[in-house]
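**Student:** can't give you the sequence, but here's the structure:
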Ligand SMILES: Cc1ncc(COP(=O)(O)O)c(C=O)c1O
């Protein structure tokens, strides 16, 4: 048996007629950029979040720095995040010209640890970017309290958590802006690049709408801006898929539950934790090997057995060669949990279209590997 890491083509085949219909509609409309399909999808995305505005962008990285820029955050300002996230979270801070300040993650959730934020705040701090890492929300209630105390903005990097919920809060409810990515492999992914930001702030909406389109919201009238638009073909694909996102996330949760039940007895790995009252949408199902040296061994063993395992993200941002590339950055306190996460993470195949046989095969191979090393724990 071979188990792929992604199921993009399976997903396409399952809802081919819906996707093809929307692509056809766009092609026949003759309007491919800033056309009616984008407008329709933006309205659907805002409604899905229960929020007022959604603005399509070229990708999830742009969504973050456009949000920072719209909030007036740039050179001289500090933005707090954590270093065990995809590189783009920090990259967007640097593109905006601000200083990235890294604090540790929480050892259970792997999301930013709110208890580490306050000590990192200076007079220059302007914002916090919590990442809903792997599909589970950061502790937004605690983060919002800190932000209110220090008058900081919050941008949720929700590239990985669309459809997730926290205990007593929804995504978007406790922040200024939610940014998201629709790159292929995301829970809501298109067949290429694109992103969006969602907000209740009319100024952010209006500013980003202009910034993404050469500083223009009327023909021939421009101000400084960029070209970062979500084109209508991708909007059509995303509109078709958005109708299924809750069922896709339910399927991810079902496979996560099966993995967790099957792997519970393993001694060499720690399994992902769903916090009480949270809805984790398992963008990734990440186990951690108890010894760092085992991370690559487990991945190699699975790959040799035709299981496409990966690592997310095996080098923390501040440990990448050349850090910080002439950009402004600061590490506030120990980031030992984030470093441990990077050193030990192994992602098992996770997508809605997996089959029970495939999940069981992965479980059997992880258990086989575990049996070889269990005595060394
Ligand atoms: C946490 C996180 N932030 C930001 C991004 C950037 O999104 P994009 O690749 O669409 O620029 C991604 C995904 O790629 C991500 O996983």
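**Tutor:** Cool, got the structure. Just so you know, these numbers come straight off a predicted model, no measurement behind them. Numbers count the residues shown, from 1 in each chain.
**Student:** and the closest residue to the ligand within the chain, how far is that from residue 290?
**Tutor:** Per CB to the nearest ligand atom, residue 60 is where the chain lies closest to the ligand, at 2.6 Å. C-beta here means a position set from N, CA and C on the backbone, and glycine is covered the same way. According to CB to CB, to the nearest Å, residue 60 stands 32 Å off from residue 290.
**Student:** Could you do residue 47 as well?
**Tutor:** Applying CB to CB to residue 47 and residue 290 gives a distance of 44 Å.
**Student:** For residue 86, which residues are in contact?
**Tutor:** By CB atoms under 8 Å, 6 or more residues apart in numbering, the contact list for residue 86 reads 131, 159, 312, 313.
**Student:** let's go with 6 Å and repeat that
**Tutor:** For residue 86, the contact set (CB atoms under 6 Å, 6 or more residues apart in numbering) is empty.
**Student:** Quick check on it: phi, psi?
**Tutor:** phi -60, psi 140 (degrees, to the nearest 10).
**Student:** for residue 288, same thing?
**Tutor:** When read as degrees, to the nearest 10, the backbone of residue 288 gives phi -120, psi 130.
**Student:** all numbers from here: first residue = 185
**Tutor:** Taking 185 as the first residue, the last one we looked at is residue 472.
**Student:** residue contacts, it?
**Tutor:** Residue 472 sits in contact with 454, 528, 529, where contact means CB under 6 Å, 6+ apart.
**Student:** Nearest spatial neighbour of the second one, chain-adjacent residues omitted?
**Tutor:** Okay, so that is residue 528. residue 472 (4.0 Å; CB to CB, 6 or more residues apart in numbering).
**Student:** quick one: the one you found from residue 437, how far?
**Tutor:** Counting by CB to CB, the gap from residue 472 to residue 437 is 20 Å.
**Student:** Can you pull the residues of the stretch 185-334 of the chain lying near the ligand?
**Tutor:** For the stretch 185-334 of the chain, the residues in contact with the ligand (CB under 6 Å from any ligand atom) are 243, 244, 245, 269, 270, 272, 273, 315.
**Student:** Which members of those are positioned in helices?
**Tutor:** Among these, the ones falling in helices (DSSP state H) are 244, 245, 272, 273.
**Student:** burial measure for residue 451, as a count.
**Tutor:** By other CB atoms under 10 Å, the residues close to residue 451 number 12.
**Student:** so it makes contact with residue 558?
**Tutor:** Yes: between residue 451 and residue 558 there is a contact at 4.2 Å, judged by CB atoms under 6 Å.
**Student:** any chance you could map the helices in the stretch 235-384 of the chain?
**Tutor:** 244-254, 272-279, 298-301, 324-334 (DSSP state H, counting those that start in this stretch).
**Student:** helices and strands around the third one, which ones?
**Tutor:** Using 3 or more CB pairs under 6 Å, 6 or more residues apart in numbering; DSSP states H and E, the elements in contact with helix 298-301 are helix 324-334.
**Student:** and the stretch 335-484 of the chain, which of its residues are near the ligand?
**Tutor:** Counting by CB under 6 Å from any ligand atom, the stretch 335-484 of the chain sits next to the ligand at 341, 343, 344, 365, 367, 377, 379.
**Student:** Which ChimeraX command selects the buried ones in the residues you listed?
**Tutor:** The ChimeraX command for the buried members of these (criterion: 16 or more other CB atoms under 10 Å) is given here:
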select :341,343,344,365,367,377,379
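**Student:** Can you show me the strands along the protein?
**Tutor:** For the chain, the strands defined by DSSP state E occupy 237-241, 262-265, 283-286, 309-312, 337-341, 349-350, 353-354, 361-365, 379-383, 453-454, 469-473, 513-515, 529-532.
**Student:** how about those in CSV, adding mean pLDDT?
**Tutor:** CSV is the format used below for these (pLDDT from 0 to 100):
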stretch, mean pLDDT
strand 237-241, 98
strand 262-265, 99
strand 283-286, 98
strand 309-312, 98
strand 337-341, 99
strand 349-350, 98
strand 353-354, 98
strand 361-365, 98
strand 379-383, 98
strand 453-454, 98
strand 469-473, 98
strand 513-515, 98
strand 529-532, 98
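**Student:** Of those, which is nearest residue 403?
**Tutor:** Closest of the strands of the chain to residue 403 is strand 237-241, at 18.9 Å (criterion: CB to CB).
**Student:** what's the offset of that closest one from the middle of its chain?
**Tutor:** 16 Å (CA atoms, centre = their mean, to the nearest Å).
**Student:** okay, the angle between it and strand 379-383?
**Tutor:** 160 degrees (axes from the mean of the first three to the mean of the last three CA atoms, to 10 degrees).
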